[in-house]
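Whatever this is, show me its structure:
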Amino acid sequence: MLEDDNHGFAALFGPPSPTVADVVDSIASKIELPNMQMHSPSSLWPEQSANLYTINIYPNLNKLQKGIGKIVESLQWKVYAILYEDRDSIIRLKEVIKQSKIGKESVLLKKLEPPDYRLVLKEVKRLGYAHMIIDYDSRFLIDILEQAKELDMLGYLYNYFLTSLDAHTLDFDRLDSIANITTITVTDTNSKLTYRFAKECNLGKIIPTNTDEIPTTMVKHQPSLMWDAANFFMNAFRELDLTNHQVVTKLTCDGEETGIHSFGLANYMKIRPIPNTITGEIRFENDHRSTLTLQVVEIMHGKLRKTAYWDAANPEFVTLVRTEREQQELIDLYIKNTTFIVSSRIGQPYLMPKTSKNSDDVLEGNDALEGFSMDIIDNIAKMLNFSYKFVLTENNKYGSYDREKKTWDGLIKDILDRRAHLAICDLTITQERRSAVDFSLPFMTLGISILYSKPTPQERDIFAFMDPLDPVVWMYIITACISITLIMFFLTRFAPGDWENPNPYDPNPEELENVWDLKNSLWLILGSTMSQSCDILPKGISSRMGISMWWFMILIISSSYTANLSAFLTTSRMGPTIDNAESLVKQNKIKYGVLSGGSTMSFFKNSNFSTYQKMWAQMSQAKPSVFVKDNAEGVKRVKTTKNQLYAFLMESSSIEYETERDCELKQVGGRLDSKGYGIAMPVNAPYRGSINNCILKMQEDGTLRKLKEKWWKQMHGGGACEDEPESSSSDMKLALANIGGVFIVVFFGVVIACTLALAEFFWNIHNVSVEELKSYKEVLIGELKFFLSVWKTKKRIHVASKSHGSLSNVTDSITTKSKSNSSLQIKD
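Numbering: from 1, shown residues only. As a prediction, the model looks like this:
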C-alpha cells in the first residue's frame, strides 16, 4: 500500500496463492513490513508463527475443519460418500473423516479424477449412495454436477454438500436440478458491507436488506478477505496515527532500509478485534485468526437460501436461521410439485391387478392396479396434494440383504437406487432394513402366527351307530340270535326243570306245561341282547347254562360296541393336532415352513429363544425344502398336503385375509412376536414427517380401520367364513347327522308294530263276528267305540253262540303226564 507524499510502503498484501507465500513472507520479514495474507495453508499451522510481521486473516484451518465436521453432523447422514480432489481436501475434511466409519459400508471415500468424473459417480450410484460430500475446486463443480445429471443423480432424493467456500457463486440454474445442494461460505450475505462491496466492485445488483435471497453471482471468498484485510489495516493504521504519527518510507527488496513503525503496527492489529467485516468479526489468538462463522447455504431449484450458521465461539452447535414452519413450507411446496414414484409388489390384498368392467378397455398405469396399499397412498396424496405413480419391483421381492454380495434386492434396492420415493406393501419394519432405509410409522400392527388347515369333515352317515362293528360281525350277531333262539327252544323242551305246574294251587296236577315256545325264546334272546330283563327265565340246568353263555357273549360285544361308538362319533369333532408353536416343535410329523428371504425367515434365523431356534433348525434341515417363494404358494401347500402334514408361518394379517375367504383354513395359536408394516423411504427423506402425520390422522379418524375392513371382509370374496362358528372343546355335541339312523330304526320298528297291531285288531273282529253271529260292521263299530273310550280299563269276554255248542264239547288232543307212571299220554 502506498502512502501519499513519500509514496512509501506501509504493508504488503498477498499473495493470493500459497505457492509463493513463503517468498513474500521472507521479504516482509527482511524489510520489517506487515504482510497481510488471505490464503489457506496447505498443511496445519504451527501454534506459533515464525514471522512476527505476518497477519493471515484466512480462517484458522483447525476451526474450519471443526466447522465442516459439525455441519456434516447436523445433516444427520448415516450413509454417504466423500469425493475429494487432493491431499488438501483430506486435510480440510479431517473432522468429517474422524467421525465417519470409512470402509464400514456406511461411508465411501473416493478421489475424483478429471476430466471424466462419471467413472467414480457410476460406482457411487451402483453402491446406493445418495448423500455426497464433494471437496473440489469450485471451478470444476458445475462440470461434476452436470456429469452427475447425465447419470440421473440430480433428483430430489440426492443430497450434496459442497465444501468449497465459493460454491455459492456458481450458476446452478444451468443444472435445472431438484437435488438438495448445500454449501458453505464465510461471507455474511445479510451484511451491508457485502452489498456495498458488491456494488462498488460491480459484481451484482443491490439486494433488499431484509431478504434472505442470495444472488447467484456473488463475490468469492478471496476478494472478500482482501476487502476485509484492507479495511482492517486502514482502521488500525489510522487509529495508531492519531496517537503516534506513522512514518512510511520507501523500501527495496535488496536495500538496508526497514519499516519504522511496522512492528508496533503488526502487534496492534493482532490484539485489536474488528467486529464489522464481510467475513465476520476478525480476532487473533496466538497469531492466528480465532474467529470464524460459516454460513450454511441451501440451493433448491436454482435458488439460494441461508438455512443455518456455525460459529467458532459456540463450536458444538449449528444454529438454524430458518424456522421449522419455513422448512415445512418448503417441503410442502416440493411435495405439491412432485410426482412420487411408489414401488410395490403384487400380493393380495395390498396390490393386485385390476379387472376392467369392460373387456375392451385396456387399463394402464395406476388404473391397472388396486389394493390396500394403493388406497393408503391415495389418501396420503389427497391430504398432501401430490400425484403418484405405482411401479412394480423386480422379481416381486420384499427386500433382503445378501451378505456375500453386500447388496439389497426388491423394494429396498429400489429405494437405495433412488428409483422410487416410497415403497409400500406388507413390508415389515426390521432392524436390518431400518439400517438401510427409513420407515414411516406403522400403518398396521401384526405378528407371526401359524396357518393350518381344518380337519376334513367326514361324510355324514345317519347309520354311523353301526360303524363300530364290521358288517360281517353284524351278520354273525343276527345269525347267532336266530341260532340261540332255536337252541334255547330245544334245550327248554329237553330240560325237565322247564316243565311247570300250570296251577300253583294244585299240588298234584295231571298236566305240566312248557312256556318256552319260539316266541318266548326269541323274546328272551332279544331282551338279553338289548341289556334288558325278561319276565320269564329258564329254570333248567342246561337251559340256564346255554343262556349264560349268550349273556357272556353279549357283555363282550356290548362293551366293545360302546367303546368303539364313542371313538367313531368323536373323530370328526377332534380339535387341532397343534395349538401353538411349542406343540409344533415337539412333534415331527407335521412339517412347517416360511417365506424364503422374508422378515419371518429372519425372525427365526436370528432368534435367541430356544423354541424358535429349534424350529429354525428343523425348517433348515427339512427335505424336501419347506420354504416357499411367496405366501400364495405357502397357502396352497397347506391346503394340498395330505393328512394336514404342513403348516405355514406367516403374518397374522395375511392369515386373517386368507381365513376370511377360505373356510378350510384357520389360525392356530396367538402371535409369536409383534411388529408393523411401514412405508419405506430414503434415509432422512424430508417428507417423512408429513407422511407420519398423515398416518396418525388416518389412525385417529378410523380411515385405516375402514380400509382394512374393505379389503379383508368386503372385496374379492371377503367375509365368506364370517358367520361360520368355530368349533371348540367345550362344544362337542352329537348332531342328528351322527345318530339319525337310530331314529329311523325306531320309526320303522314302531310302524311294523302298529301294522301288526292293526292286523291283530281286524283278525280279532273277524273271529268275534263269526263266534257271536254278528255282522262284521257291527262288531267293528263296537270295538272302535270301546277303543275311543280311553277311560275304560276293563273289557268283557266274548261268549260263543249256543248253536255252536259250548267250548266243553270241543276237545282237542292234548299231551298229559300221568302221575302214576310219569309218562306222557294222549287224552280224548
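
can you pull out the strands in the stretch 1-150 of the chain?
12-13, 35-37, 54-56, 80-84, 107-111, 131-135 (DSSP state E, counting those that start in this stretch).

now for the third one, which elements pack on it?
What it means is strand 54-56. helix 21-31, strand 35-37, helix 262-271 (3 or more C-beta pairs under 8 Å, 6 or more residues apart in numbering; DSSP states H and E). In this view, the C-beta of every residue, glycine as well, is placed from N, C-alpha and C.

Can you tell me which of those is nearest to Met698?
Across the helices and strands packed on strand 54-56, Met698 has its closest neighbour in strand 35-37 (61.2 Å, C-beta to C-beta).

related to what we said a few turns ago, mean neighbour count, mean pLDDT and distance to Glu772 added to the strands of the stretch 1-150 of the chain, as JSON lines?
Shown next, in JSON lines, are those (neighbours: other C-beta atoms under 10 Å; pLDDT from 0 to 100; distance: least, C-beta to C-beta, whole Å):
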{"stretch": "strand 12-13", "mean neighbour count": "18", "mean pLDDT": "78", "distance to Glu772": "160"}
{"stretch": "strand 35-37", "mean neighbour count": "24", "mean pLDDT": "79", "distance to Glu772": "156"}
{"stretch": "strand 54-56", "mean neighbour count": "24", "mean pLDDT": "81", "distance to Glu772": "154"}
{"stretch": "strand 80-84", "mean neighbour count": "23", "mean pLDDT": "93", "distance to Glu772": "124"}
{"stretch": "strand 107-111", "mean neighbour count": "17", "mean pLDDT": "91", "distance to Glu772": "125"}
{"stretch": "strand 131-135", "mean neighbour count": "24", "mean pLDDT": "94", "distance to Glu772": "122"}
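
Present these as a markdown table; the columns should include distance to Asp241.
Converted to a markdown table, the strands of the stretch 1-150 of the chain look like this (distance: least, C-beta to C-beta, whole Å):
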| stretch | distance to Asp241 |
| --- | --- |
| strand 12-13 | 19 |
| strand 35-37 | 17 |
| strand 54-56 | 18 |
| strand 80-84 | 47 |
| strand 107-111 | 51 |
| strand 131-135 | 43 |
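
To Gly69, which of the ones you listed lies closest?
Among the strands of the stretch 1-150 of the chain, the nearest to Gly69 by C-beta to C-beta is strand 131-135 (10.7 Å).

between the closest one and strand 80-84, how big is the angle?
Per axes from the mean of the first three to the mean of the last three C-alpha atoms, to 10 degrees, the angle that strand 131-135 makes with strand 80-84 is 20 degrees.

Comparing the helices and strands packed on strand 54-56, which stretch has the densest surroundings?
The highest mean neighbour count among the helices and strands packed on strand 54-56, using mean count of other C-beta atoms under 10 Å, belongs to strand 35-37: a mean of 24.

Name the strands paired with that one and say parallel or antiparallel.
Its sheet considered, strand 35-37 pairs with strand 12-13 (parallel), strand 54-56 (parallel) by DSSP bridges.

any chance of those in CSV, with distance to Ala230 too?
Formatted as CSV, the strands paired with strand 35-37 follow (distance: least, C-beta to C-beta, whole Å):
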stretch, distance to Ala230
strand 12-13, 7
strand 54-56, 12
